[in-house]
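Engineer: turn this into a structure:
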Amino acid sequence: MRSDATSVPAHYNLALAYGASGDPTAMQRELQEILRLDPRHPEAHLNLAALYLERQQYDLAWQHAQQAAHLGAAVQPLLEALRRLREQGR
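Structural biologist: All right, here's what the predicted structure looks like:
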């Protein structure tokens, strides 16, 4: 696959396909590639936040959720879940 900005939609579709097929490692790889190409891609940050939350990597989830929110993604439920976990000391 080409590694330029025009390939971002292809990487995003591939990431979603990997997620739907149950391959979170490949999904993460594609989402990270998107952010390498376009660090301001809100959906990539949002999906990484959800992936890290699922893996209980709360600091990374928080970072990506904050970035997604800053870029305009609707992340309020995710941020609330992360806040509750932080309050519980996780």
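
Engineer: CA only for contacts and neighbour counts going forward, please
Structural biologist: Noted.

Engineer: helix or strand with the lowest mean pLDDT in the chain?
Structural biologist: Taking mean pLDDT, DSSP states H and E as the measure, helix 76-87 is the helix or strand of the chain with the lowest mean score, a mean of 83.

Engineer: now that helix: buried residues?
Structural biologist: In terms of neighbour count (16 or more other C-alpha atoms under 10 Å), helix 76-87 has its buried residues at 78-79, 82.

Engineer: ditto for stretch 52-65
Structural biologist: When neighbours are counted by 16+ other C-alpha under 10 Å, the buried residues of stretch 52-65 are found to be 52-53, 58, 60-62, 64-65.

Engineer: likewise stretch 15-33?
Structural biologist: Residues of stretch 15-33 classed as buried by neighbour count (16+ other C-alpha under 10 Å): 15-16, 18-19, 24, 26-28, 30-33.

Engineer: quick one on the thing from earlier: which strands and helices sit next to the least confident helix or strand of the chain?
Structural biologist: Here helix 76-87 is seen to pack against helix 58-70 when contacts are counted using 3 or more C-alpha pairs under 8 Å, 6 or more residues apart in numbering; DSSP states H and E.

Engineer: if I look at the most centrally placed residue in the chain, how far off is Gln88?
Structural biologist: With distances taken as C-alpha atoms, centre = their mean, the residue of the chain nearest its centroid is Leu48 (1.8 Å). If you measure Leu48 against Gln88 using C-alpha to C-alpha, to the nearest Å, the figure is 22 Å.
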